[in-house]
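Novice: Build me a model from this:
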Amino acid sequence: MARILDRINNPADLKKLSSLELTNLAGEIRSFLVENVAKTGGHMGPNLGVVELTIALHRMFSSPTDTIIFDTGHQCYVHKILTGRKDFTDLRTATGLSGYPSRAESPHDVVENSHASTALSWAQGIAEAKALKGDDSYTVAVIGDGAMTGGMAWEALNNIAEHPNLRLIIVVNDNGRSYEPTIGGLAHHLDALRTSPAYERALRWGKQHLKSRGKPGELTYDALHGIKRGMADLITPPKVVFNDLGIKYTGPVNGHDIVATEFVLARAKEFSGPIIVHAITEKGRGYTPAEKNDADHFHTVGPIHPETGLPVKKERFGWTAVFAEEIVRLARRNPKIVGISAAMMEPVGLKPFRTQFPNRVFDVGIAEQHAMTLAAGLSFAGCHPVIALYATFLNRAFDQLLMDAALHKQGITVVLDRAGITGADGASHNGMWDLAIAAMVPGIRVAAPRDAATVRKLLGQAVSIEDAPTIVRYPKGSIPPQIPAKAHIGDLDVLYQHSGEGKQILVVAVGAMANTALEVSQGLTQEGYSVKCVDPGWVIPISATLCEQVKLADLVVTIEDGEVTNGVGALLRSTLAQENCFTPIKSFGIPRAFLPTDSRDSLLESSKLTPETILNELEQILA
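Specialist: Okay, the predicted model is just below:
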């Protein structure tokens, strides 16, 4: 039997389907997602949870004339399927579909940055521009309850409320989770809405039985209805919150009931101003492994066996696992250490810490700015906070790092997971800006470990520093074998040294690029040069010992997995210039560009960060 899905090539095709066909289509989409994402890996749980909701959205609105914006974007697979993109063969690769919305793929895609809590600001901007042009199409923002923990979403709501004539519909996709269960006051209020339906049942009973009794019954119903509205305001704080902001609220609706969701969306379209539609969904809906286990395990998956949900290969959390183990060990010895996560407790390795010391770990939700200043306050009052983030999300808290942590010389440690090139998640997930950001911050100290032993060593040093913020950064994935130091020069680890007859070349390895630096050093040795390869460990600020070694060299080569223009090499160059030392420094790092979706290895090669590409360029320079 032909699949209904095969007849869907654009959103208009959905409007031809019956209710039964829509239900069957939802089942086909879930089967399609499980079958295809199991092969490539990707965001499984979020997409299984929004199948019916996305169908309803595309039936009630006319994309791209009506603009649909997905906050974060990890729930966009169903949207892609319904807008004519059903080839998931090479999902999240250079030759296939992006894992997030992509303007290059389709006019139906708008925001592709994949950082949470931005959709409402985008939506207001688009809706305002439409109003100025006399465009009466709708703007729809789909935002998860987890992203509503971000302050930027509330800044947008505060402003949207001041513009009551916008044709703007905000769909809160409430599954009670971000990675883990959503935290905070709003989460508790939304939970009250999900779990307190009794007053609605009472209202339906009253309407059915009292209104059939003539005028007295109608008067009684009206009186009870007034009481009910007052009770609803007490029982359902989100309604009060949104209404008091000046934004109409409707819901909650079962986001897996297409007919009910369409009805609520149709009513929302009839309203003359901004309105919030609250839809209840279940992450991982319809996939037994996700429903039987913790749905968060299926937020993002690698290739899995579709029948069981078990990984084809065991995922490697090498760097993260070392941090997770070491921070627990340090916390046992030092009761001042506390942990902070921004809604990603398990992915960044703080879950074992929370298990051991539940009162010493804070999950602030998707609120990196708050996390940083919270840490400053904790530090001032005598704790040593360790904030664990993906490196790309440090960008969101730069002002707080600068003005709250560094200006006040607070002893906090920021642990950056997934620093450098991450690959498949696209431009906005590469953690390539942290070194350039940190290089601007007075007093900050940044460590880049090269292996498990130096993760433990540098993390221990970081949490002992109480007069300045520190950063410890490492990449995604498996950790390399230990790279022992052959010797020490002051605070530098000497990883390789060979005396030849040619020029003196100093190779500076930054963190996880140590293996690459070693191969480059060995290649230069074969060309007859005298080569010394050193690892500073602490890469910001530039140490006096490193400066002295630079002055002894004919050429310095720095190799880092951060944005090269303003990274460690650039900082070394400017530091030496202040001392009137102008030894030539050739810096290799990630170019100032938004990198496309591709594998880490391919992106390293295109960024000229493999031993071969570095040696080829150095040969031309040295010639």
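
Novice: How about the secondary structure of F362?
Specialist: strand (DSSP: H, G, I helix; E, B strand; the rest coil).

Novice: and the nearest residue to it once chain neighbours are set aside, how far is that from R573?
Specialist: Excluding its sequence neighbours, the residue lying closest to F362 (C-beta to C-beta, 6 or more residues apart in numbering) is I340, at 5.0 Å. (Glycine included, C-beta is placed from N, CA and C.) I340 sits 34 Å away from R573, going by C-beta to C-beta, to the nearest Å.

Novice: Where does pLDDT dip in the stretch 201-350 of the chain?
Specialist: 201-245, 292-297, 305, 308, 314-316 (pLDDT under 70).

Novice: for the stretch 51-200 of the chain, same thing?
Specialist: Counting by pLDDT under 70, the stretch 51-200 of the chain shows low-confidence ranges at 177-200.

Novice: Would you state the strands of it in chain order?
Specialist: 67-70, 139-144, 168-174 (DSSP state E, counting those that start in this stretch).

Novice: and of those, who's closest to R103?
Specialist: With C-beta to C-beta as the criterion, R103 lies closest to strand 67-70 of the strands of the stretch 51-200 of the chain, at 12.1 Å.

Novice: if we look at that closest one, which residues are touching it?
Specialist: If you take C-beta atoms under 8 Å, 6 or more residues apart in numbering as the criterion, strand 67-70 is touched by 57-58, 61, 76, 79, 101, 108, 110-111, 119, 122-123, 126, 137-142.

Novice: Which members of those residues occur in helices, if any?
Specialist: Cross-referencing the contacts of strand 67-70 against helices under DSSP state H gives 57-58, 79, 119, 122-123, 126.

Novice: which among the residues you listed gets closest to A427?
Specialist: Using C-beta to C-beta, W122 comes nearest to A427 of those, at 16.7 Å.

Novice: isn't that closest one right up against V110?
Specialist: Yes: in terms of C-beta atoms under 8 Å, W122 counts as a neighbour of V110; the distance is 7.0 Å.

Novice: if you count what's nearby, which of the two comes out ahead?
Specialist: Set W122 next to V110 and count neighbours by other C-beta atoms under 10 Å: V110 wins out with 21 against 18.

Novice: Name the nearest residue to the more buried one, sequence neighbours excluded.
Specialist: Of all residues not flanking V110 in the chain, I69 sits nearest, at 5.1 Å (C-beta to C-beta, 6+ apart).

Novice: returning to that earlier point: against which helices or strands is the helix or strand where the residue nearest to F362 lies packed?
Specialist: Element membership for I340, per DSSP states H and E: strand 337-341. Counting by 3 or more C-beta pairs under 8 Å, 6 or more residues apart in numbering; DSSP states H and E, the packing neighbours recorded for strand 337-341 are helix 318-333, strand 361-363, helix 368-380, strand 384-390.

Novice: could you say what helices and strands the second one packs with?
Specialist: Meaning strand 361-363. strand 337-341.

Novice: and the strand holding I340 with helix 368-380, angle?
Specialist: Counting by axes from the mean of the first three to the mean of the last three C-alpha atoms, to 10 degrees, strand 337-341 lies at 170 degrees to helix 368-380.

Novice: May I have strand 337-341 as CSV, with CA atoms only?
Specialist: C-alpha atoms of strand 337-341 as CSV (Å, rounded to 0.1, in the frame of the first residue of the first chain):
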residue,chain,number,x,y,z
ILE,A,337,33.6,23.5,45.2
VAL,A,338,30.0,23.7,43.8
GLY,A,339,28.8,22.9,40.3
ILE,A,340,26.6,24.9,37.9
SER,A,341,24.9,23.6,34.7
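
Novice: so how far is that strand off the chain centroid?
Specialist: Centroid separation for strand 337-341 versus its chain: 19 Å, with C-alpha atoms, centre = their mean, to the nearest Å.

Novice: Equivalent analysis for stretch 64-84, please.
Specialist: With C-alpha atoms, centre = their mean, you get 18 Å for stretch 64-84.

Novice: before we move on, what about stretch 575-588?
Specialist: Relative to its chain's centre, stretch 575-588 lies at 36 Å (C-alpha atoms, centre = their mean).

Novice: who has more neighbours, I340 and R573?
Specialist: Under the neighbour definition other C-beta under 10 Å, I340 and R573 were set side by side, and I340 has more, 26 against 20.

Novice: so what's that one up against?
Specialist: In this structure, I340 makes contact with 361-364, 371, 374-375, 385-388, judged by C-beta under 8 Å, 6+ apart.

Novice: Would you format those as TSV with distance to G150 included?
Specialist: Shown next, in TSV, are the contacts of I340 (distance: C-beta to C-beta, whole Å):
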residue	distance to G150
V361	20
F362	16
D363	13
V364	10
A371	11
L374	14
A375	17
P385	20
V386	21
I387	16
A388	18
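
Novice: Of those residues, just say which sits nearest to S272.
Specialist: When the contacts of I340 are compared for distance to S272 (C-beta to C-beta), V364 wins out at 36.5 Å.

Novice: so how many other residues sit close to that closest one?
Specialist: 20.

Novice: just the one 10 residues further on next, same as before
Specialist: Number of residues near L374 (other C-beta under 10 Å) recorded here: 20.

Novice: ok, now T139?
Specialist: T139: 27 neighbours (other C-beta under 10 Å).

Novice: and if you look at L459?
Specialist: L459: 24 surrounding residues under other C-beta under 10 Å.

Novice: counting contacts, what elements does the longest strand belonging to the chain pack onto?
Specialist: Ranked by number of residues, the top strand in the chain under DSSP state E is strand 555-563. Here strand 555-563 touches helix 434-439, strand 504-509, helix 514-526, helix 568-578, strand 585-590, helix 611-622, going by 3+ C-beta pairs under 8 Å, 6+ apart.

Novice: pLDDT value on the residue lying closest to Y529 once chain neighbours are set aside, please?
Specialist: Distances taken as C-beta to C-beta, 6+ apart place G502 nearest to Y529, at 4.1 Å, with adjacent residues excluded. The model reports G502 with a pLDDT of 84.

Novice: Double-check that G502 belongs to a strand.
Specialist: No: using three-state DSSP, the assignment for G502 is coil, not a strand.

Novice: Enumerate every residue touching it.
Specialist: Listed by C-beta under 8 Å, 6+ apart, the contact set of G502 reads 527-530.

Novice: please redo it, this time with the cut-off set to 7 Å
Specialist: Applying C-beta atoms under 7 Å, 6 or more residues apart in numbering to G502 gives the contacts 528-530.

Novice: C581: what's its closest spatial neighbour, skipping adjacent residues?
Specialist: Once flanking residues are discounted, C581 sits nearest to K551: 5.4 Å by C-beta to C-beta, 6+ apart.
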